[in-house]
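Colleague: any chance you can model this:
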Amino acid sequence: MRTHHARLAAVFLAAGVLNFSSGLANADEPVKKSPVAEKATTDLERIQGTWHFVALEVEGAKITDGTFKEAKIVITGNEFATISKEASYKGKLTLNASASPKTIDLTYSEGPEKGNKSLGIYQLDGDTWTICVTLAGAKDRPTKFETKPDSGLALETLKRAK
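Modeller: Reported below is the predicted structural model:
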């Protein structure tokens, strides 16, 4: 059984908050896209830049925003950096936008998970990016955007920094 601290560290390494309800677009309003997303032609181009956590769930437990309030993910090319109070991680990411659901692989080159790989799925909706990824030790790529106790999964919702 992982400790709470270990779970949080695993989440921040997995590439991922403000108030969830205020961070997401109203369903009745059109989704606004940033200038970066509007000019982009691929998902890799669309995710370039800085993303802030707006919601986080680890193995079925919702994490309060105070824990990861200042955490962020920065995407530059095919490289990511996850920065939080817990730890910092760097690595490369690979997207497969033609898969259903779309897939993301994170390979860590720096930080506590150096040498490890997380498998995940993702979806982009304007300036909202949702990722469900494996935590350290989990081997099976998620197939749904959900987590359950002892699933070895983290669900992260991110908003593009303005």
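
Colleague: what about Phe143, helix or strand, and which?
Modeller: No, residue 143 isn't Phe; it's Thr. Using DSSP states H and E, Thr143 is not contained in any helix or strand.

Colleague: ignore the last one, Thr67
Modeller: Going by DSSP H and E, Thr67 is part of helix 65-68.

Colleague: that helix packs against which elements?
Modeller: helix 4-13, strand 49-58 (3 or more C-beta pairs under 8 Å, 6 or more residues apart in numbering; DSSP states H and E). In short, each C-beta sits where N, CA and C put it, glycine included.

Colleague: in its sheet, what does whichever helix or strand comes after it sit against?
Modeller: Using DSSP H and E, the helix or strand that follows helix 65-68 in sequence is strand 72-76. Strand 72-76 sits in its sheet next to strand 49-58 (antiparallel), strand 79-83 (antiparallel), going by DSSP bridges.

Colleague: most tightly packed of the ones you listed?
Modeller: Among the strands paired with strand 72-76, strand 49-58 has the highest mean neighbour count (mean count of other C-beta atoms under 10 Å), at a mean of 22.

Colleague: could you tell me the least trusted of the helices and strands packed on helix 65-68?
Modeller: When the helices and strands packed on helix 65-68 are compared on average pLDDT, helix 4-13 comes out lowest at a mean of 40.

Colleague: show me where pLDDT drops low in the protein?
Modeller: Counting by pLDDT under 70, the chain contains low-confidence ranges at 1-38.

Colleague: ok, which stretches of it are helices?
Modeller: 4-13, 20-23, 35-39, 43-46, 65-68 (DSSP state H).

Colleague: just the C-alpha atoms of the last one, please, in CSV.
Modeller: If I follow you right, that is helix 65-68. Presented in CSV, the C-alpha positions along helix 65-68 are these (Å, rounded to 0.1, in the frame of the first residue of the first chain):
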residue,chain,number,x,y,z
ASP,A,65,-6.4,21.6,-4.8
GLY,A,66,-4.2,22.8,-2.0
THR,A,67,-1.9,19.8,-2.5
PHE,A,68,-1.1,20.6,-6.1
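
Colleague: and it, what's buried?
Modeller: 65, 67-68 (16 or more other C-beta atoms under 10 Å).

Colleague: so what would you say the end-to-end distance of stretch 53-65 is?
Modeller: 8 Å (C-alpha to C-alpha, to the nearest Å).
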